[in-house]
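> Give me a 3D structure for the following:
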Amino acid sequence: MIKFVLMLNRQGQTRLSRYYEPLEHSRRVPLETDVVRACLSRKKDECSFVEYQDFKLVYRQYAALYIVVGVTHSENELSTYELIQNFVEVLDKYFSCVSELDIMFNLDRVHVILDEIIVGGHVVETNRSRILAPLLALDKMVDG
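The predicted structure follows:
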């Protein structure tokens, strides 16, 4: 099961966070700080899977953004790694080469994309066209 998805910049600032298990806000800040420290301090030639407390961190860097997914020990790391790749490809398709500014100024749209992919901590959709369909329909309504 997926516990959370974080999107961070190189300075360690959280640009997007989505939690799939209840966690008080007072515990989120220390968790995110530890996750940033655990992932961003690693070298490029090191593995993108990190054992952390009672779960695993799977992360991937794209330009200036890091996407970190916290999963239970029963989840497959490679499928989670592929999920991150798919998420970024969908973002790239929608934003035409996604950047940190796209994330910051269109956070609601990024959440819609993430909600189409993951529901309740489980992956429910991987088809890019189906993931983007509701968002493209919304865009048509706004434009038309």
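
> which helix of the protein spans the most residues?
If each helix of the chain is counted by residues according to DSSP state H, the longest one is helix 77-95.

> Which elements pack onto that one?
Other helices and strands packing on helix 77-95, by 3 or more C-beta pairs under 8 Å, 6 or more residues apart in numbering; DSSP states H and E, are strand 55-62, strand 65-71, helix 100-105, helix 107-117, helix 128-143. Any C-beta I mention is one placed from the backbone N, CA and C, and that applies to glycine too.

> one more time with 6 Å
strand 55-62, strand 65-71, helix 128-143 (3 or more C-beta pairs under 6 Å, 6 or more residues apart in numbering; DSSP states H and E).

> Tell me the strands beside the shortest one, with direction?
Looking back up the chat, that one is strand 65-71. Paired neighbours of strand 65-71 in the sheet (DSSP bridges): strand 2-9 (antiparallel), strand 55-62 (antiparallel).

> Measure how far the first one is from the centre of its chain, please.
Right, the one you point to is strand 2-9. The chain centre lies 5 Å from the centre of strand 2-9; the measure is C-alpha atoms, centre = their mean, to the nearest Å.

> Then stretch 9-17?
Relative to its chain's centre, stretch 9-17 lies at 11 Å (C-alpha atoms, centre = their mean).

> Show residues contacting it.
Outside stretch 9-17, the residues that touch it by C-beta atoms under 6 Å, 6 or more residues apart in numbering are 6, 7, 8, 32, 36, 40, 64, 100, 103, 110.
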